[in-house]
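Student: With the sequence up front, the predicted model follows.
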Amino acid sequence: MTADPAHIDYVTRLGDNALVLGQRLAEWCGHGPVLEEDLALTNIALDLIGQARLLLAHAGALEGRGRNEDELAFQRDEPDFRNWTLMELPNGVGKHDDYAITITRNFLAGALHKLLWQALSQSSDPELAAIAARATKEAGAHWRHASEWMVRLGDGTELSHQRMQAALDRLWPYTEEFWTPDPIEKAVAAAGIGVATASLRPAWDATVDEVLARATLVRPRASEFRSTGKLGSHSEHLGFLLAEMQSLARQHPGASW
Amino acid sequence: MSPLSGDSNTLPSATESVAEARAESVAAARAAAGAVTDPEIPVLTLADLGILRDVRFDGERLQVTLTPTYTGCPATQVIEQDVRDALAAQGWPDAQVRTSLSPPWSTDWISEQGREKLRAYGIAPPGPVSREHVPVRLTGLARIARETAPAGPACPRCTSQRVERLAEHGSTACKALYRCLACREPFDYFKPY
């Protein structure tokens, strides 16, 4: 059975967001600033990759062409990925990993994921609703981790504050993509399968502002920049991420152990 | 031949005994699958964890339904294979193991016996899952431990409630690392989920 293309695309977006952020966080494995944080980030990555697996398996089933989650994760090319651009940005600037960037991204995306999974647990697609009900539990813990660090580092030393503000200023423009309406989201929202993300914005603003205030960080001004990852048009960073993530699967297609 | 045309005395009892044999098989299969242990916390069985959702016959084929614990739990596939192996050893080589995501598993489903086993193994069992978000203030690790776990786990070694959280992410995805302030021993806490 082939589902409506908007339905497939929407579930693919959710799966790709989880997969690409999971891959970015997994890059910290063995490189965390302290052991506890190394474990925290890799545990969060594990949750996200688990969510991606369920979501992409579901997208493959909806598509009805016999592609499983591994094929979708490892055999698709860059323009077929539907994640927000925010998710694919490197963990730092240039070659230097930056914990401020990593945590701030988890915070900005995590605040939305928490609300999104809650809303999607009422989806008219029962499989998506079941995945969302599970993801809600995990998203709450991920967001708590990120917001604790936002406050600790934002309201920390002069240097940590400065670096958190710089990370926030750098990433904030990419959050505009969350709210940009498009035909796919409109179609799934009308069918009760998905939600219009813009409807979650007041709750997201309130959640984010409350933590930023405690973190003594200043909310950046809105920008005109619009990233377009969810439409398949990505930054230069996704290709490198996929090259690394997919290399083993592409060298040994169909391999199993 | 219509079943009703048979001897009215023997037929119902034959049907009953078939149904009884079926029920016995289901009970035996449930016991075999339920006795499989968790690969990461080997003192717990699947029955203790509460992840064995259903055992039934689909025609002649045995069908077992499990619910995964954490979405990304690496033990899930090992558990499925272990259940298949356990059932094959009991004479059901073609048992089908399905997973069901809904309703989502919760640590509230861990049995009393399971909680006792965890404690004896040195892991503080999970407290009840709180439905509301507990806001966290950041004025030191001990403070966080108190506020995110209001009841607080008791030390599985000396039962003291005077404990502090060292790290929210411990030796596996489902556990946090705590320290007892009374006996000074570190211990794992199975996080409410």
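Tutor: Great, that's in hand.
Student: Go ahead and list the helix or strand containing the residue of the stretch 151-257 of chain A found nearest chain B.
Tutor: The minimum distance from the stretch 151-257 of chain A to chain B, using C-beta to the nearest C-beta, falls at A:Val151 (4.8 Å). For the C-beta atoms, the positions are set from N, CA and C on the backbone; glycine is no exception. Per DSSP states H and E, A:Val151 falls inside helix A:126-154.
Student: Now that helix: buried residues?
Tutor: Of all the residues in helix A:126-154, those buried under the rule 16 or more other C-beta atoms under 10 Å in any protein chain shown are A:127-151, A:153-154.
Student: Also stretch B:58-78?
Tutor: By 16+ other C-beta under 10 Å, the buried positions in stretch B:58-78 come out as B:62, B:64-73, B:75-76.
Student: Which ones among those also lie next to chain A?
Tutor: B:70-73 (C-beta under 8 Å from any C-beta of the partner chain).
Student: Spit out the contact partners of the spatially most central residue of chain B.
Tutor: With distances taken as C-alpha atoms, centre = their mean, B:Leu49 lies nearest the centre of chain B, 1.5 Å away. When contacts are counted by C-beta atoms under 8 Å, 6 or more residues apart in numbering or on different chains, B:Leu49 touches B:38, B:69, B:109-110, B:114.
Student: now the helices for chain B?
Tutor: Assigned by DSSP state H, the helices in chain B fall at B:10-34, B:46-49, B:76-89, B:112-121, B:141-148.
Student: right, so of those, which gets closest to A:Thr175?
Tutor: Smallest distance to A:Thr175 across the helices of chain B (C-beta to C-beta): 26.8 Å, for helix B:141-148.
Student: unless I'm mixing things up, the residue of the stretch 151-257 of chain A closest to chain B is touching A:Val211, no?
Tutor: Yes. Counting by C-beta atoms under 8 Å, A:Val211 is a contact partner of A:Val151 at 6.5 Å.
Student: can you redo the helices of chain B as a markdown table with mean pLDDT?
Tutor: Output for the helices of chain B, formatted as a markdown table (pLDDT from 0 to 100):
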| stretch | mean pLDDT |
| --- | --- |
| helix B:10-34 | 83 |
| helix B:46-49 | 95 |
| helix B:76-89 | 94 |
| helix B:112-121 | 95 |
| helix B:141-148 | 42 |
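Student: quick one, which of these is packed in tightest?
Tutor: helix B:46-49 (a mean of 21; mean count of other C-beta atoms under 10 Å in any protein chain shown).
Student: since we're on B:Cys158, how many residues are nearby?
Tutor: By other C-beta atoms under 10 Å in any protein chain shown, the residues close to B:Cys158 number 13.
Student: Please disregard the earlier target; I meant A:Leu115.
Tutor: Neighbourhood size, A:Leu115 [other C-beta under 10 Å]: 21.
Student: If you tally nearby residues, what's the number for the closest residue to it other than its chain neighbours?
Tutor: Take A:Leu115 and drop its neighbours on the chain: the residue closest to it by C-beta to C-beta, 6 or more residues apart in numbering or on different chains is A:Leu200, 4.6 Å away. By other C-beta under 10 Å, 20 other residues sit near A:Leu200.
Student: what's A:Leu200 in contact with, if anything?
Tutor: Here A:Leu200 is in contact with A:112, A:115-116, A:119 (criterion: C-beta under 8 Å, 6+ apart).
Student: For B:Gln81, see how far away the residue nearest to the centre of chain B is.
Tutor: 16 Å (C-beta to C-beta, to the nearest Å).
Student: go on, A:Leu168?
Tutor: From A:Leu168 to B:Gln81 the distance is 46 Å (C-beta to C-beta).
Student: coming back round to it: pLDDT check: weakest of the contacts of B:Leu49?
Tutor: Ranked by pLDDT, the contacts of B:Leu49 bottom out at B:Thr69 (86).
Student: re the thing from before, of the contacts of A:Leu200, which pair is most distant in space?
Tutor: A:Leu112 and A:Ala119 (10.4 Å).
Student: who has more neighbours, the two?
Tutor: For A:Leu112 versus A:Ala119, neighbours defined as other C-beta under 10 Å are more numerous around A:Leu112 (24 against 17).
Student: which ones are touching the more buried one?
Tutor: Taking C-beta under 8 Å, 6+ apart, we find A:Leu112 in contact with A:178, A:197, A:200, A:204.
Student: wait, B:Val83 sits on B:Val97?
Tutor: Yes. With contact defined as C-beta under 8 Å, B:Val83 counts as touching B:Val97 (5.3 Å).
Student: if I look at the two, which residues touch both of them?
Tutor: With contacts taken as C-beta under 8 Å, 6+ apart, B:Val83 and B:Val97 have B:64, B:66 as neighbours in common.
Student: what are the phi and psi angles of the residue of chain B found nearest chain A?
Tutor: With C-beta to the nearest C-beta, the shortest gap between chain B and chain A falls at B:Gly72, namely 2.6 Å. Backbone torsions for B:Gly72, taken as degrees, to the nearest 10, come to phi -100, psi 20.
Student: what's the spacing between it and B:Glu116?
Tutor: 28 Å.
Student: residue ranges of the helices in the stretch 101-250 of chain A, please?
Tutor: A:126-154, A:158-171, A:176-179, A:183-190, A:201-214, A:237-251 (DSSP state H, counting those that start in this stretch).
Student: contacts for the third one?
Tutor: Counting contacts by C-beta under 8 Å, 6+ apart, the residues outside helix A:176-179 that touch it are A:84-86, A:112, A:197-198, A:201, A:204, A:222-223, A:225-230.
Student: how about a cut-off of 7 Å?
Tutor: With C-beta atoms under 7 Å, 6 or more residues apart in numbering or on different chains as the test, helix A:176-179 has contacts from A:84-86, A:112, A:197-198, A:201, A:223, A:225-227, A:229-230.
Student: If we go by neighbour counts, what in that helix is buried?
Tutor: For helix A:176-179, a neighbour-count test (16+ other C-beta under 10 Å) marks A:177-178 as buried.
Student: Please apply the same query to the fifth one.
Tutor: Going by neighbour count (16+ other C-beta under 10 Å), the buried part of helix A:201-214 is A:204, A:207-208, A:211-212, A:214.
Student: How far off centre is that helix?
Tutor: Centroid separation for helix A:201-214 versus its chain: 18 Å, with C-alpha atoms, centre = their mean, to the nearest Å.
Student: Ok, the fourth one next?
Tutor: Once both centres are worked out by C-alpha atoms, centre = their mean, helix A:183-190 turns out to sit 20 Å from its chain's centre.
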